[in-house]
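[1] Mind folding the following:
(one chain, ligands or ions: 2)
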Amino acid sequence: MAVTHTDPATKPSKAQPKATPKKSAAGSALGADLGLSSDDLLEMYRLVALSRAVDERMWVLNRAGRIPFVISGQGHEGAQVGITWALEKGKDWIAPFYRSIATCLTFGMSPRDIMTAQYATASDPSSGGRQMPGHYGSHEHNLVSVSSPVATQLLHAVGLALAAKIRKTGQVALTVMGEGSSNQGDVHEGLNFAAIHKLPFIFVVENNGYAISVPLARQVAGSSVAHRAAGYDIPGVTVDGTDVLACYAAARDAVGRARAGDGPSLIEAKVTRLTAHSSDDQQTKYRSEEELAAEKANDPVPKFRAQLADAGILTDEAEERIKASIVADVDDATDYAESQPDPQPSTAMKWVFAEDWPSEAPPPWGLGE
Ligand SMILES: Cc1ncc(C[n+]2csc(CCOP(=O)(O)OP(=O)(O)O)c2C)c(N)n1
Ligand SMILES: [Mg+2]
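    Ligands and ions are numbered 1, 2, ... in the order given. Coordinates of the predicted model:
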């Protein structure tokens, strides 16, 4: 297990006995065959549930007129936590996309980091309030700033993988996007290059069946992105993106290949899109009530909760503890972001061009007034 987490919410206090995981018919506890401990599973559950809670708060804040735009990860959290867990925090690299809230939280960003990006505050670590809403990134956590033109992040991640190979750092670079974005030319160019040079690169497609209002059958010939891997002579797997452990297993295999010098892998995670494309979209215009009900029944959050409860890992007491920590974290992130100032207009040009002048002084070419 590469990722280590120490969040107190998942650790039982001294007074409370640890849960006793049930053994499967084959005699092993849930996750044991993947090298995951009960503490790992509880922390993964906390991250899945935290991501959902942060996301839900974003919608409330949008409808209350506090933040301008939400593009949601609801329904994608299981795939994001499962896959990110296989990477090494602080070492590997991820080029995320706009739904990657759970990816960013699992890789080290905090709810405050996500919320200050929503509010575009001066203290927002993603961009100091310069990027579009939902464009997360963290220099500290090796998360490349989200690209607005979809699919360009694949080229960035392949470049990182090339650098890792040349420098022999042992790092892996992963990028992720939706299935609609995977039709862009950049994807073919980058995958071909990564495969030729056997780069330590992982391409994840979170296939939620829609590109805004366009259904899968109208975007992807043959309806499988994973099948395309054969054209690059790399492994391509389709995995149930609402199954956290299946996603972890697929990513662990891909990371193993990348670190061993065996080159890239493609993972297509079939996820659900529980919300409209964004807060500016109304999905009832193009999806039936039956379809939306089926999506809800395939929600990764209750699914993972039930799986851990059935395995004797998520006790009522542990769930209460995690829930309380999440409520506190989301409230704290909201209050913090509300309290933070906007960026100074005089700093608007900061980080646009290379800087060799004091940060608060106007750039050499002036501000145009
Ligand atoms: C190059 C480019 N074309 C179009 C857009 C507008 N756009 C933003 S998201 C999106 C849909 C992407 O769908 P998909 O890749 O399936 O991801 P999802 O939103 O479903 O997660 C489009 C067309 C864009 N940002 N960049
Ligand atoms: Mg999609």
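[2] Tell me which residue of the protein lies closest to ligand 2.
    Closest residue of the chain to ligand 2, Cβ to the ion: residue 178 (3.4 Å). Where C-beta positions appear, they are placed from N, C-alpha and C, glycine not excepted.
[3] Would you confirm that that residue contacts residue 98?
    No. The criterion here is Cβ atoms under 8 Å, and residue 178 misses it with residue 98 at 9.1 Å.
[4] Comparing the two, which shows the higher neighbour count?
    Neighbour count, other Cβ atoms under 10 Å: between residue 178 and residue 98, residue 178 has more, with 26 against 22.
[5] any idea how far the more buried one lies from ligand 1?
    2 Å (Cβ to the nearest ligand atom, to the nearest Å).
[6] which secondary structure element contains the residue nearest to that residue when sequence neighbours are not counted?
    Of all residues not flanking residue 178 in the chain, residue 206 sits nearest, at 5.9 Å (Cβ to Cβ, 6 or more residues apart in numbering). Assigning secondary structure by DSSP states H and E places residue 206 in strand 201-207.
[7] List the contacts of that strand.
    Residues outside strand 201-207 that contact it (Cβ atoms under 8 Å, 6 or more residues apart in numbering) are 76, 79-80, 83, 97, 99, 154, 157-158, 161, 172-179, 182, 187, 191, 194, 216, 225-226, 241, 251, 254-255, 258, 263-271.
[8] Tell me who's in contact with the nearest residue in space to residue 277 that is not next to it in sequence.
    Among residues not flanking residue 277 along the chain, residue 212 sits closest, at 4.6 Å (Cβ to Cβ, 6+ apart). Residues counted as contacts of residue 212 (Cβ under 8 Å, 6+ apart) are 180, 277, 281.
[9] give me the subset of these touching ligand 2.
    Checked against ligand 2 using Cβ under 5 Å from the ion, the contacts of residue 212 yield the following neighbours: residue 180.
[10] Quick check: which ranges of the stretch 151-300 of the chain have low pLDDT?
    Within the stretch 151-300 of the chain, no stretch has pLDDT under 70.
[11] Spell out which residues of it are next to ligand 1.
    Counting by Cβ under 6 Å from any ligand atom, the residues of the stretch 151-300 of the chain close to ligand 1 are 177, 178, 179, 180, 181, 208, 210, 211, 212, 277.
[12] Quick check: closest non-adjacent residue to the fourth one.
    The spatial neighbour of residue 180 that comes closest, neighbours along the chain excluded (Cβ to Cβ, 6+ apart), is residue 211 at 2.5 Å.
[13] Return the residues in contact with that neighbour.
    178, 179, 180, 181, 219 are the contacts of residue 211 under Cβ under 8 Å, 6+ apart.
[14] Over to residue 70?
    55, 58, 59, 62, 118, 133, 134, 278, 279.
[15] Can you add secondary structure and neighbour count and give those residues back as JSON lines?
    What follows is these, written out as JSON lines (DSSP: H, G, I helix; E, B strand; the rest coil; neighbours: other Cβ atoms under 10 Å):
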{"residue": "55", "secondary structure": "helix", "neighbour count": "24"}
{"residue": "58", "secondary structure": "helix", "neighbour count": "27"}
{"residue": "59", "secondary structure": "helix", "neighbour count": "15"}
{"residue": "62", "secondary structure": "helix", "neighbour count": "19"}
{"residue": "118", "secondary structure": "helix", "neighbour count": "25"}
{"residue": "133", "secondary structure": "coil", "neighbour count": "19"}
{"residue": "134", "secondary structure": "coil", "neighbour count": "24"}
{"residue": "278", "secondary structure": "coil", "neighbour count": "17"}
{"residue": "279", "secondary structure": "coil", "neighbour count": "19"}
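[16] Of all the residues in the strand or helix carrying residue 153, which ones are buried?
    Per DSSP H and E: residue 153 is located in helix 152-167. Going by neighbour count (16 or more other Cβ atoms under 10 Å), the buried part of helix 152-167 is 152-162, 164-165.
[17] counting contacts, what elements does that helix pack onto?
    When contacts are defined as 3 or more Cβ pairs under 8 Å, 6 or more residues apart in numbering; DSSP states H and E, helix 152-167 sits against strand 93-95, strand 173-178, helix 185-196, strand 201-207.
[18] How much space separates residue 154 from residue 73?
    According to Cβ to Cβ, to the nearest Å, residue 154 and residue 73 sit 19 Å apart.
[19] Then residue 57?
    13 Å.
[20] Among the two, which residue is more densely surrounded?
    Taking neighbours as other Cβ under 10 Å, residue 57 and residue 73 compare with residue 73 leading, 29 against 20.
[21] so what pLDDT did the more buried one get?
    Residue 73 is assigned 98 on the pLDDT scale.
[22] who are the neighbours in contact with it?
    Per Cβ under 8 Å, 6+ apart, neighbours of residue 73: 51, 55, 80, 99, 100, 101, 102.
[23] among the contacts of residue 211, who's most crowded?
    Within these, residue 178 tops the neighbour count with 26 neighbours, counted by other Cβ under 10 Å.
[24] Residue 267 bridge partners, please.
    Beta-bridge partners for residue 267, by DSSP bridges, are residue 204, residue 237.
[25] Kindly tell me how buried the residue lying closest to residue 23 once chain neighbours are set aside is, as a neighbour count.
    Using Cβ to Cβ, 6+ apart and skipping the chain neighbours, the partner closest in space to residue 23 is residue 29 (5.9 Å). Counted with other Cβ under 10 Å, residues neighbouring residue 29 total 18.
[26] I figured residue 311 was touching residue 21, is that so?
    Yes. Residue 311 is in contact with residue 21 according to Cβ under 8 Å; the separation is 5.8 Å.
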